[in-house]
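J.: I need the structure of the sequence given here:
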Amino acid sequence: MIVFDQVSKEYNMGAVKVTALDEVSLRIAPGEFVAVLGPSGSGKSTLMNLIGCLDTPSHGSYMLDGEPVGRLKRKELAAIRNRKIGFVFQNFNLLAYATAVENVELPMIYGKVSTGERKRRAKELLEIVGLGKRGSHRPSELSGGERQRVAIARSLANQPEIILADEPTGNLDSKSGGEIVDLFGNLHTQGKTLIIVTHDDRIAAHCKRVIRLLDGKIDSDTLNSAAPVN
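T.: Prediction:
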């Protein structure tokens, strides 16, 4: 599904060129549950942005389901993101003025899903994440854990093959964070490909594969036989 071949990402910071990702090669198969682990500045977010088609490589190639991402135009990248990838962010990225149902509906609006089907699907997804009775509440009326559940429901709106989560428990207490990790585990058992970017070894311990980045390179790539069986 995801194939990186000698992928590098460089940024020009004035007269200085910064290499955020340095000749990274990896493969992620459908249905994997992967943690991308590393300290701040290791290249985790850059890797996530590239996998999620939010950016394109400076060098090397990225193939997503056989499509060469680096050759795609902006509209084509947006279409792939909307169709194939669901995003979950540390800060939730919910619309403050919209209800939980309306937030979950948002990707389906871009996907041109009919109004009736959007609302039906949004309510169904909120039920799946345990918020069936909170659909009319706005983010300010929800706890941090509940907001992240809304964000996860939204990430599933267009039935994507891949879920990308960037520090999804970073703003949560340990109890809420554990519940979110359990929810990801449940999604994994349903066949979703999950990639969680984190600096927290406790989160990575729940994933079946752990890729460690250091200074823009893969430092290690191991299977985690101790991960819980969901």
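J.: that's a helix at residue 187, yeah?
T.: Yes - applying DSSP: H, G, I helix; E, B strand; the rest coil, one finds residue 187 inside a helix.
J.: wait, what's in contact with it?
T.: 152, 156, 163, 194 (CB atoms under 8 Å, 6 or more residues apart in numbering). For the C-beta atoms, the positions are set from N, CA and C on the backbone; glycine is no exception.
J.: and those residues as TSV, adding neighbour count?
T.: Formatted as TSV, these follow (neighbours: other CB atoms under 10 Å):
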residue	neighbour count
152	24
156	21
163	22
194	22
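J.: need those residues in a markdown table (columns: secondary structure, distance to residue 203 and pLDDT).
T.: Shown next, in a markdown table, are the contacts of residue 187 (DSSP: H, G, I helix; E, B strand; the rest coil; distance: CB to CB, whole Å; pLDDT from 0 to 100):
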| residue | secondary structure | distance to residue 203 | pLDDT |
| --- | --- | --- | --- |
| 152 | helix | 14 | 95 |
| 156 | coil | 20 | 93 |
| 163 | strand | 14 | 95 |
| 194 | strand | 12 | 95 |
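J.: got CSV for these, with distance to residue 80 too?
T.: As requested, the contacts of residue 187 are exported to CSV (distance: CB to CB, whole Å):
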residue, distance to residue 80
152, 20
156, 17
163, 15
194, 18
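J.: closest one of the residues you listed to residue 49?
T.: Using CB to CB, residue 163 comes nearest to residue 49 of the contacts of residue 187, at 15.2 Å.
J.: residues near residue 77, how many?
T.: 18 (other CB atoms under 10 Å).
J.: for residue 126, see how far away it is.
T.: Counting by CB to CB, to the nearest Å, the gap from residue 77 to residue 126 is 29 Å.
J.: ok, which stretches of this protein are strands?
T.: 2-13, 16-28, 33-37, 59-64, 67-68, 85-89, 162-166, 193-198, 209-214, 217-223 (DSSP state E).
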